[in-house]
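Colleague: Provided below for reference: sequence and predicted model.
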Amino acid sequence: MGQSASTAAVPSCRENNHSHRLKFKPTALISPMQAEETDAWQVTIDGFADYISDLPEECLAVIFQSLGSGDRKRCSLVCRRWLKIEGQSRHRLSLNAQADLLPMIPSLFDRFDAVTKLALKCDRRSVSIRDDGLVLISLRCRNLTRLKLRACRELTDAGMASFAKNCRGLKKLSCGSCTFGAKGMNAVLDNCSSLEELSVKRLRGITDVAAAEPIGPGVAAASLKTICLKELYNGQCFGPLIIGAKKLRTLKLFRCSGDWDKLLQLIADRVSGMVEIHLERLQVSDYGLAAISNSLDLEILHLVKTPECTNNGLVSVAERCKLLRKLHIDGWKANRIGDEGLVAIAKYCPNLQELVLIGVNPTKVSLEMLASNCQNLERLALCGSDTVGDAEISCIAAKCAALKKLCIKSCPVSDSGLEALASGCPNLVKVKVKKCRGVTPDGADLLRTRRGSLAVNLDTGEPEHQDASASDGGAQDNAVELPPVGGGGGGGSSSQVYATHFGSSRSTSFKSRLGLLSGRSFVACTLRRLSGSNSSSRGAGYCTCSHFPRGPSLEQSPPPPYVDPFLGLTLMLLSWRLLGTVLRTLAAFVARKAVYGFWDDFECFSSTTAVVGIQSVSILN
């Protein structure tokens, strides 16, 4: 009691003397609030002071930045002060860049006035933002350092030129499926002297090989460190830019048409400091690989589906690029890269840490050499190889002491190979086995038992077969639940199916329509509903997707089915109707893909979603 009285008698300094509140000077980023709003902060809750109001704006900004997108949106609704601080502490923003975004730009960037990283994405079937919108954004975001454009088909060379003049501090530009051409790209390279990363995918304004304007080098060539070109019809017009980028460290070329051997030779003669090179589905041969070997500092090399590259080219790279740490080879089942090239890698590249072989057929000879000479090999993936069996896995287990992660896919490996891993590779922490028919769950369990700390991921690649007669819960995923013909209690079920169907995505709807033909019990369910409508109205009868009777007792025998004389005609009409639905769906799907093509998201920032006004805004974390 005495303690309670003493505690109650102790006054709070905040309750008695508010003049001792700490005052913090705001930063230039977050301006001080007006006097009338300051008074609103000094509130009390149930007789106690609002200590959160004493936090300086800088602290609140740091707190908001550590929250998720949903929590940040909720915090912005607390009061005007939090709304302003939350908006001014956002540096990354992603907008749905449709044409109707234009009138919202002033209000959006009045709130988010500290944005430095912006993504503008438009749906393929919508009209994108135009030049006037991009120029207005550039006037509001002069401190922009990163810009991502996706499917902004209404942007022209003039709009990109105006944007580049207003945002000269741009450091990273990523554009995909846009229609501006070489002039717009050159305008960016001529004005953005701090540009470090450039990623271009499907730039539709560059199509004519003969009339294509060379791109680069511009003032940006002096600062560029990463260039990524994807799916360009005339990607070689970027040759002057690549050759002029003296500080280039990373070059990635994906599915760009044309012969690249000569251009790679010019690049290797002018740019000698490249560390990472990716070549995927490119017309390049051993001459191009010989040119790449001049990059003595090369550490990462990806050769993906380049069928003209052989062992000779890989040997030339291995003999000169002795700092190689990561090597990815997808031989595309061409059998032009094998033991000879891999032995050269093992002999000249002792620092190799990661090796991925897809569609390549190494033998025990090359694998043993790699395991013996590359003592730092930590990650190894063997996929689609016809020569990697239990003997090769046993060799890896005995020799690769530093190996931490092993992936085996579509190889003739059995449980004996996994058993060898139980006693080898002391540093192994994860094993992934996929689509290896000789490996069984028992073999994986044995490996887990012997190596308790080892994570074993087994995927046999064979879908589990479910028998309808053995399921007691209607486990057929493809079955369609139809409402009873004569019953009166099927309204709720029918509405639920309707809501589920129309609330799903287009892909789910497409799959569900195709599932009508693959449902094994669809005809059986329909037969039972048409023939057993009289019995179902009495409360017993058959369940639609099960062989067990429905009613108070599971032991009662089902009544004999009634054969409808028009049943054959009914089923025929129903089948034609289903077939028409499927054909219409397939036609729409193929037409849409033919018009808009397939889109693969290119590399940029990860995002979460927020909503500002009526415009969908994605905040990048």
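Modeller: That came in fine, so what should we check first? Since this is a predicted model, take the numbers as computed values, not measurements.

Colleague: now Val456, what's its secondary structure?
Modeller: Here Val456 takes the strand state, with states given by DSSP: H, G, I helix; E, B strand; the rest coil.

Colleague: which stretches of the stretch 201-350 of the chain form strands?
Modeller: Assigned by DSSP state E, counting those that start in this stretch, the strands in the stretch 201-350 of the chain fall at 226-230, 250-254, 276-280, 300-304, 326-330.

Colleague: Would you reformat these as a markdown table and include distance to Ser194?
Modeller: For every residue, glycine as well, the C-beta is placed using N, CA and C. Formatted as a markdown table, the strands of the stretch 201-350 of the chain follow (distance: least, C-beta to C-beta, whole Å):
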| stretch | distance to Ser194 |
| --- | --- |
| strand 226-230 | 14 |
| strand 250-254 | 17 |
| strand 276-280 | 21 |
| strand 300-304 | 25 |
| strand 326-330 | 29 |
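
Colleague: Which of those sits closest to Cys75?
Modeller: Smallest distance to Cys75 across the strands of the stretch 201-350 of the chain (C-beta to C-beta): 35.7 Å, for strand 226-230.

Colleague: Partner strands of the closest one and their direction?
Modeller: Here strand 226-230 is paired, per DSSP bridges, with strand 197-201 (parallel), strand 250-254 (parallel).

Colleague: Is Cys373 in contact with Val343, as I believe?
Modeller: To be clear, residue 373 is Asn; Cys isn't right here. No - with contacts counted by C-beta atoms under 8 Å, Asn373 stays clear of Val343, the gap being 9.3 Å.

Colleague: Among the two, which residue is more densely surrounded?
Modeller: Val343 (22 against 17; other C-beta atoms under 10 Å).

Colleague: Tell me the spacing between that one and Thr363.
Modeller: 10 Å (C-beta to C-beta, to the nearest Å).

Colleague: Just name the most buried of the strands paired with strand 226-230.
Modeller: Highest mean neighbour count of the strands paired with strand 226-230: strand 197-201, a mean of 22 (counted as mean count of other C-beta atoms under 10 Å).

Colleague: low-scoring stretches of the stretch 101-250 of the chain, by residue?
Modeller: Counting by pLDDT under 70, the stretch 101-250 of the chain has low-confidence residues at 208-211.

Colleague: quick check: domain ranges of the chain?
Modeller: Domain ranges of the chain: 32-89, 507-534+542-547+560-571+581-594, per automatic domain parsing.

Colleague: Can you flag the weakest of the ones you listed by average pLDDT?
Modeller: Note on these: lowest mean pLDDT is at domain 507-534+542-547+560-571+581-594, with a mean of 50.

Colleague: Now the host helix or strand of Ser416: average pLDDT?
Modeller: Ser416 belongs to helix 415-421 when assigned by DSSP states H and E. Averaged across helix 415-421, pLDDT comes to 93.

Colleague: helices and strands around that helix, which ones?
Modeller: Applying 3 or more C-beta pairs under 8 Å, 6 or more residues apart in numbering; DSSP states H and E, one finds that helix 415-421 makes contact with helix 390-399, strand 430-434, helix 441-450.

Colleague: Just send those back as TSV, with mean pLDDT, distance to Pro106 and mean neighbour count too.
Modeller: Converted to TSV, these look like this (pLDDT from 0 to 100; distance: least, C-beta to C-beta, whole Å; neighbours: other C-beta atoms under 10 Å):
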stretch	mean pLDDT	distance to Pro106	mean neighbour count
helix 390-399	94	62	21
strand 430-434	96	51	18
helix 441-450	93	60	15
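
Colleague: Which of the ones you listed sits closest to Leu93?
Modeller: Going by C-beta to C-beta, the one of the helices and strands packed on helix 415-421 nearest Leu93 is strand 430-434, 37.0 Å.
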